[in-house]
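Student: Here is my input; please provide its structure:
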Amino acid sequence: MTSVMVMAGSAAGALLASWLRALAFRLSVPSGEPDRTRCPGCDRELVSDRQWQSLLSPTGRCPGCKRRIGPPAGTMELAAAALTGAVAGAIGPRPELLAFAFLALLAVPLAFIDIAVHRLPDRLTLPAYPILVGLLTVAALAGGEPHRIAGVLIGGLVAGVGYLALVLIRPDQLGLGDAKLAGLLGLALGWWGLSAVVLACALAFVLSGILGLALLVTRRASLESDLPLGPFLVAGAFAVLLGATG
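Tutor: Predicted structure coming up:
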């Protein structure tokens, strides 16, 4: 059953990858700027309001001028397939699978956008709050575990408020987008308890510290360089989530 779930989850992620790629392309702009819909090289329209996957391809290049745009070829597809496959295999055919699969699909473009422009758009994080709470609430009731609802809400509150405090203390290193993403991930982590929330938050900083040190040693970054925290929040959260289900 596990292998079947992994294959099904991976297939779903791969099928939705073109839409996720368009999402990342469109929103990878500095805060306050309009969405990106055209190739910066030839001005060809690549994403329209009515068809977000439009003319984007997994090659990562404009079909017109062949200029490199968006994430490198295959990375979005591989990330989406791997994460959704891992989630499906770990959770199995349980009511909460839909909630965690939704979060996995959302986390992929968020991580790529943060890497590209160091921001986590409110247009993705904020609407996800009621959706994720709703999905987890339905899963808890359907699975006969209503007590998990309180854990979900507490997890989101602790992670969100905790990171908000860090933003206020170190606004030069963290942004409000990090706190909003942390709160969202905290909702999912709260399904497994407060210890999962704390562990994932700590792991995010450990992973970012390891990469930062490696970049310093290889002279690919300096002490003044900024690393986006979003990808590490995602990595830490899903490492704990997948470990909790194992």
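
Student: which residues does the residue nearest in space to the middle of the chain contact?
Tutor: The residue lying closest to the centre of the chain (CA atoms, centre = their mean) is Ala107, at 1.5 Å. Counting by CB atoms under 8 Å, 6 or more residues apart in numbering, Ala107 touches Leu83, Leu185, Val234, Ala237, Phe238. Every C-beta, even on glycine, is put in place using the N, C-alpha and C of the backbone.

Student: which element is it on?
Tutor: helix 97-117 (DSSP states H and E).

Student: What angle do helix 97-117 and the helix or strand that that helix is followed by make with each other?
Tutor: Per DSSP H and E, the first helix or strand lying C-terminal to helix 97-117 is helix 122-142. Angle, helix 122-142 to helix 97-117, by axes from the mean of the first three to the mean of the last three CA atoms, to 10 degrees: 160 degrees.

Student: Report the distance from helix 122-142 to the chain centre.
Tutor: Between the centre of helix 122-142 and the centre of its chain there are 14 Å (CA atoms, centre = their mean, to the nearest Å).

Student: Can you give me the buried ones in the next helix-or-strand element following that helix?
Tutor: Scanning forward in sequence from helix 122-142 by DSSP H and E, the next helix or strand is helix 147-169. Using 16 or more other CB atoms under 10 Å as the test for burial, helix 147-169 gives 148-149, 151-156, 158-160, 162-164, 166-167.

Student: Among these, which one lies nearest to Asp178?
Tutor: Tyr163 (5.8 Å; CB to CB).
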